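>>> Dropping the sequence and predicted coords here.
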Amino acid sequence: MPPDHLDVVDAKGGEWIVEIHQATGRPSINGKDGKAADGGITYLLLDTRKHFRGDLRQNADGTFSNLATGETYTLAD
């Protein structure tokens, strides 16, 4: 099953893609190998050419935060 994608924007209005992966099998407790500790879902930040740019976490308000930089991304309109 291919991953789902969401269109998001950063604070400057730049366009990005969030790729959502639902791991198959049991989730890993250390978040490695595409299996996240939160039940097997990982979020990846991609540029518009679909090149990997970082790992994300989903916040309670539905936004996404870059784990390395803390930058926040919101869903595109």
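Nice, thanks for sending it over.
>>> where does the protein dip in pLDDT?
Scanning the chain for pLDDT under 70 picks out the ranges 1-2, 23-40.
>>> Any idea which residue is closest to the centre of it?
Centroid-nearest residue in the chain, with Cα atoms, centre = their mean: Tyr43, separated by 2.3 Å.
>>> Tell me the secondary structure of it, please.
strand (DSSP: H, G, I helix; E, B strand; the rest coil).
>>> Correct me if wrong: Val74 contacts Val9.
One thing to correct before we go on: residue 74 is Thr, not Val. Yes: in this structure, Thr74 is within contact of Val9 by Cβ atoms under 8 Å, at 6.0 Å. To be clear about C-beta, it is placed using only N, CA and C from the backbone, and glycine gets the same treatment.
>>> Show which residues not belonging to stretch 44-56 make contact with it.
Applying Cβ atoms under 8 Å, 6 or more residues apart in numbering, the contact partners of stretch 44-56 are 15-19, 21, 42-43, 64-69, 73.
>>> 7 Å - rerun?
Residues from elsewhere that reach stretch 44-56, judged by Cβ atoms under 7 Å, 6 or more residues apart in numbering: Glu15, Trp16, Ile17, Val18, Glu19, His21, Tyr43, Phe64, Ser65, Asn66, Leu67, Ala68.
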